[in-house]
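Engineer: sequence and predicted structure below; questions after.
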Amino acid sequence: MYEPKTKETDENVIEFIEKVESPKKRDDAYKLLEIFKEVTDFEARMWGPSIIGFGAYHYVYKTGHEGDAPLVGFSPRKAKISLYFAPGDRAREALLEKFGKHTTGKACVYINKVDDIDIDVLKELIRQSILFLQSQYPEK
């Protein structure tokens, strides 16, 4: 049976941020922590060894694969900061056009630093992602 790699843990979010080597990335992680907490009203939790997640949802795919994931989150990685929003949401693409300097992957949006992005658009991306996921995976 498939076992998801990224699970919620009891690791301390602040201790994780304090271990970020780059002082600039550490500062950005604290800025993002405050923004995500303010917008989501969820406590920050560690997911796996390096993702700071907010809220959670339970997904079940048509294949039968299921698991839990944070509604939104971020990770201050060495190369770039990864932002986790709902994949598959068409509204996300329109918001990203106004977001600022970034690149995208399948499920992540990557930024170099917080100063490169529009904070108001970030807040809207967070809100939109949560609404989209809660509509796709309503709590039972």
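Structural biologist: Noted; the coordinates are in hand. Numbering: from 1, shown residues only.

Engineer: so, low pLDDT: which residues of this structure?
Structural biologist: Along the chain, the parts satisfying pLDDT under 70 run over 1-5, 140.

Engineer: and the strands in it?
Structural biologist: For the chain, the strands defined by DSSP state E occupy 44-47, 51-54, 57-60, 66-69, 72-76, 81-84, 103-104, 108-111.

Engineer: middle-most residue in this protein, spatially?
Structural biologist: G73 (1.9 Å; Cα atoms, centre = their mean).

Engineer: so what's it up against?
Structural biologist: Contact partners of G73, counting by Cβ atoms under 8 Å, 6 or more residues apart in numbering, are F36, W47, I51, I52, G53, F54, L83, Y84. No exception for glycine: its C-beta is placed from N, CA and C like everyone else's.

Engineer: which residues does it form beta bridges with?
Structural biologist: For G73, the residues forming beta bridges with it (DSSP bridges) are G53, Y84.

Engineer: what's the spacing between it and E124?
Structural biologist: Note on G73: its distance to E124, by Cβ to Cβ, to the nearest Å, is 16 Å.

Engineer: equivalent analysis for E97, please.
Structural biologist: Counting by Cβ to Cβ, the gap from E97 to E124 is 12 Å.

Engineer: kindly report the same for K101.
Structural biologist: Distance from K101 to E124, by Cβ to Cβ: 17 Å.
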